[in-house]
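Novice: based on what follows, work out the 3D shape:
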Amino acid sequence: MKQLSSLCFFLIVASCAFSQTDSLLINKAFSRLDGKWEGYFEYALEGVNRTASMPAKCTSKWDGKKWVYDVIYDEGEGEVSGGKGEAIASTDDKTLQYNGAVWNIVQFNQSGDSTSFVLEITGKEKRKTITTRHTFVITKDSFFITESVQREGETAFTFTNKHLFRRKK
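Specialist: Numbers count the residues shown, from 1 in each chain. Just a heads-up that it's a prediction; the model follows:
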């Protein structure tokens, strides 16, 4: 019995250590996003098999628990638009609070100075199920967020947009 309780204690401690480690890696990735960024926003044009892009700037902050960002898009001819968002650090290694919704963390990889992770959320659009996927790639000098969707009845994800940023010098 004593051996069984020791084994149970070890498994509980080990599982906590693994999820905390993964959570710390996601937090470390978000901490690298602190600062000012320049780049562009690329998006799919509806009804045609083409993309368009526009310059974009991003200011982001990491406070140890939450990543907040503010993006400004230069639409040309003096027109600008923008958006704000946030992600709250993961504590369970399976989900992330991202822009007010709970997203599933479906993949996490770290190689050299690159960290990548994939978030997915499923909902309804025009009464049909749709899964939205955000793929993050973060390095010390750049980050990219690619959005794709899979609509009910489709087997593949379709590109919708991408943010590409480099650290402002």
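Novice: residues contacting the spatially most central residue of the chain?
Specialist: Centre of the chain computed as the mean C-alpha position; nearest residue by CA atoms, centre = their mean is residue 136, 4.6 Å away. By CB atoms under 8 Å, 6 or more residues apart in numbering, the residues touching residue 136 are 29, 115, 116, 117, 118, 119, 143, 144, 145. Backbone N, C-alpha and C define where each C-beta goes, glycine included.
Novice: and it, which helix or strand is it part of?
Specialist: strand 128-138 (DSSP states H and E).
Novice: buried set for that strand?
Specialist: Neighbour-count burial for strand 128-138, with 16 or more other CB atoms under 10 Å as criterion, is recorded at 131, 132, 133, 134, 135, 136, 137, 138.
Novice: and which of those residues is nearest residue 150?
Specialist: Checking the buried residues of strand 128-138 against residue 150 with CB to CB, the nearest one is residue 131 at 4.5 Å.
Novice: circling back: okay, the residue nearest to the centre of the chain: pLDDT?
Specialist: Listed pLDDT for residue 136 reads 96.
Novice: can you tell me which two in the buried residues of strand 128-138 are farthest apart?
Specialist: It's 131 and 138 that sit farthest apart of the buried residues of strand 128-138, by CB to CB, at 22.5 Å.
Novice: what are the pairing partners of the strand or helix carrying residue 164, and which direction each?
Specialist: Using DSSP H and E, residue 164 maps to strand 158-167. Neighbouring strands of strand 158-167 in its sheet, by DSSP bridges, are strand 35-44 (antiparallel), strand 142-151 (antiparallel).
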